[in-house]
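> Pasting the sequence and the predicted coordinates here, then a few questions.
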Amino acid sequence: MSFEKEYIPIYTYKIKDVIIRKYICMQYGKNTVTILYRIFNGKDKSKLTLAPIVNFRDFHKDTYNHEFELSQWQNKRKLKLVIDKQSTTPIYINVSEGEYIKHENDSFKNMYYIEEEKRGFRAEENHVVPGRYEIEINPNEQKDITFVASLEENIEEIDGFQIISKEIARICEILYNSEIEQTNENKELIKNYIIAADNFLVYRPSFKLHTIIAGYPWFLDWGRDTLISFEGLLLKTKRYEIAKEVLLTMIRDIKYGLVPNGYSGYDNRPLYNSVDSSLLLFEQIQKYINYTNDFNFIEKEVYPVLEKIIDAYCTKIDIDDNNIYLDEDYLISSGTPNTQNTWMDAKIGDFVVTPRNGKAVEINSMWYNSLKIMENLSKKFESEEKSKKYKRLAEKCKKSFNEKFYNKRRKCLYDVLGDGKIRPNQIFALGLTYPIMNSASQEAKEIFETVTKKLLNNYGLKTLAKGEENYIEKYEGDSMKRDMSYHQGVTWPWLLGIYYDSFKKIIQAEKSKTKKKELEERLKSFVENVKETFVKEFEQGKTVGGIHEIYDSVKPYEARGTISQAWSIAEVFRIILENLEKDD
C-alpha cells in the first residue's frame, strides 16, 4: 500500500495482480464526499465489495456499546439512511454501478482507537453497517467506480468525477490568484500550502460570512486563533474578499467591547472568555490596510466598532466575570483567580493551571499597539483632537509599562506583574506593529536574547523555561496530565511568528553595522531552520499537509495536540513565504 497527496488524498492498494487506487474528495461548500475507486484488474474475474460503516454523532462524543436504530430506503443504488430517528438529517449514499444488498441488524462492534487510549479517553465504539455494494470486474478490465455520501437529497445527480475536477480547478485558481512566485524548487510546497490554508476557511450559513476553523479534528472557529491566523491564511494568499468577511464575523457579535472567542457548538451562543481577541483585532486590521490600502471598508464597517472597544476597555468589562479595566497606572488588568482569559487558559475543574489574572505582559503590549493604531486611524477618519486622546493614553501606558515590567535580575519582562517566570508572552512587547518597548534599547535586546536562549527550539517557543517551577516538557497522558503541561513547557509553533517579527525589529533598530550584520546572519539561519524543520514536518510528518498544534520540548519533539492547526500553518508559512520572496 502507498499514500500520496496531490490535490486530494490518494491511496494505492495491491492485492495479488489487482491494483486499486482510491481518491477522496469533498465537494466545496457542501456536506458531500466522493470516493473514486480506479480498479486495474488482473487476469481473473474480480468482485469489489463496498460496505459503508456509518455513525451519527458529535465529534466530541462516542457511541460506546450503542445499539443503533437504523431505517433505510433504497431506490436502485441510492440509499436514504435515518439513524436513531434523526429524520431531519438523513444521510444519502449512491454508487455509480453494482448491486446493493441490504443487511439486517449488522454492526461493527468495539472499533478500537489507539490514540484515544493514549489520551486517556474511552477507546472503543460501535458503528452500524446498513449493507454492501458488489461490483463485478472482468479480467484485465480497468473500471472507475464512484461512491458518494451526502446530506443532499439529489445525490443521484451528483457526479463524483466532476467534484474532483472542480476541486482541482478551484485550488489552481486560488494558487494563480495568490500571485506567489513559484520556481521548480518551491512549486509543490506552495501548492500544498495553498491547499492547507484553504482547508481552514469555512462558511457559516447562519452568518452568511466566512470564518476560520482553529484546528482539526476537534476545534471550531475561535476569535483569538482566527486573528493570529489571519495574515498567513488570507492576506499572504491575497484572498481579500474572504478576509473582509472574516473581519465582519469577528465584529458581528461584539458585546461590551469583547470579540467573541468562539461560539458554542451546541446552541451557537457567543462565548466571551478572551481579553486578547479584541486587541488582536486592531493588529490584523492594520495588516489588512498594509496589504490592501482599503481604508474605505475599515472606515465604514469597522472603525466605529474599534472606538467602542477602546471605550469599553477604558471603563470596565465584567461580562462573564472577565474583570477587564484600565487601572490608574494606565495598564490593563483582567481576570480573577477563577477567570483566566488570556491564551494560557487551561483549567481542571476549578483549578487554574497557569494563573495569569492581573496585568499580563502581552495584553498591555497589545493595548498600547491598539491605541497607536487608533491614533493614526482617528486622525485619518475623524480629527486631530481625537487622535491626541489616543496618543496620550498610549504614552501613559508605555511609561508605566517600561517602569514596571522589566525584570532587571532575570533580564526579561514579568509575565504578569508580580510573576517573574520566563514565558514567551513577553515577545509581544517587541514584535507588534507598534512595540511598547524601544527595539534599540539594551532592555529589548536582553529580553530577546533571554527568549532565544531559554525558550526557542526547532519547533517553536516553549511556554515556560526549563528550571521554572512546574515545568513539564512532554504533552502526554490523560486529560488532567495533558492540561497540566499545556502551557507549562511544551512548544507552540505559532509563537515563531511574533518571535520572527521581533527579530526583524531588533535588526532594524541596531545602529552598529557589525552587530547588524551578525543579527542578519542569525536571522537567516533561523529562517532556514524554520523552513527545513517544517517543510519536512509538512511533507513527511504525522499529518501530510499539516502542522500540529504543539510539540514536546525534548527530542524527538513529538507532534501533539490537533493534527493540523490554523495558526501553526499560518505563522510558519508567513515566515517561509516572506523569505521565498526575498530569495526570488
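All right, it came through fine.
> count of residues packed around Leu189?
With neighbours defined by other Cβ atoms under 10 Å, the count for Leu189 comes to 19. Heads up, the C-betas are built off the backbone N, CA and C, glycines and all.
> nope, Arg356 is what I meant
Other residues lying near Arg356 total 25 when counted by other Cβ under 10 Å.
> Would you confirm that it contacts Thr339?
No - here Arg356 does not reach Thr339: they are 10.5 Å apart, not a contact under Cβ atoms under 8 Å.
> just the helices in the stretch 351-500 of the chain please.
361-381, 384-404, 428-431, 442-455, 479-485, 495-509 (DSSP state H, counting those that start in this stretch).
> which helices and strands does the fifth one pack with?
The elements that helix 479-485 packs onto, with contact taken as 3 or more Cβ pairs under 8 Å, 6 or more residues apart in numbering; DSSP states H and E, are strand 347-348.
> Please compute how far the strand it packs on lies from its chain's middle.
Strand 347-348 sits 22 Å away from the centroid of its parent chain (Cα atoms, centre = their mean, to the nearest Å).
> So what are the sheet partners of that strand and their directions?
Paired with strand 347-348 in the same sheet, following DSSP bridges, are strand 351-352 (antiparallel).
> correct me, but Glu124 touches Met111?
Yes - between Glu124 and Met111 there is a contact under Cβ under 8 Å: 6.6 Å.
> any idea which of the helices of the stretch 351-500 of the chain is most buried?
Counting by mean count of other Cβ atoms under 10 Å, helix 428-431 has the highest mean neighbour count of the helices of the stretch 351-500 of the chain, with a mean of 27.
> other SSEs contacting that helix?
Using 3+ Cβ pairs under 8 Å, 6+ apart: helix 428-431 touches helix 361-381, helix 442-455, helix 495-509.
> Give me the residues contacting the last one.
So that's helix 495-509. Contacts to helix 495-509, defined as Cβ atoms under 8 Å, 6 or more residues apart in numbering, come from residues 228, 232, 424, 427-428, 430-432, 435, 438-440, 444-445, 448, 451, 456, 460-461, 516, 519-520, 522-523, 526-527, 530, 567, 570-572, 574-575.
> Write the ChimeraX selection for whichever of those are buried.
Here is the ChimeraX command that picks out the buried ones among those, judged by 16 or more other Cβ atoms under 10 Å:
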select :228,232,424,427,428,430,431,432,435,439,444,445,448,451,456,460,461,519,523,526,527,530,567,570,571,572,574,575
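> Helices of the stretch 101-250 of the chain, start to end?
For the stretch 101-250 of the chain, the helices defined by DSSP H, counting those that start in this stretch occupy 114-118, 160-178, 187-199, 223-230, 240-252.
> Please identify the most buried of the ones you listed.
helix 223-230 (a mean of 28).
> Name the SS class of Cys314, please.
State at Cys314, reduced to three classes by DSSP: H, G, I helix; E, B strand; the rest coil: helix.
> Look up the closest residue to it, ignoring the ones flanking it.
Leaving aside its chain neighbours, Cys314 sits nearest to Leu326 (4.9 Å; criterion: Cβ to Cβ, 6 or more residues apart in numbering).
> Okay, and the beta partners of that neighbour?
Ile332.
> can you check Phe40 too?
Beta-bridge partners for Phe40, by DSSP bridges, are Ile19, Gln142.
> Over to Tyr291: give its phi and psi.
Dihedral angles of Tyr291 (phi, psi; degrees, to the nearest 10) stand at phi -80, psi -40.
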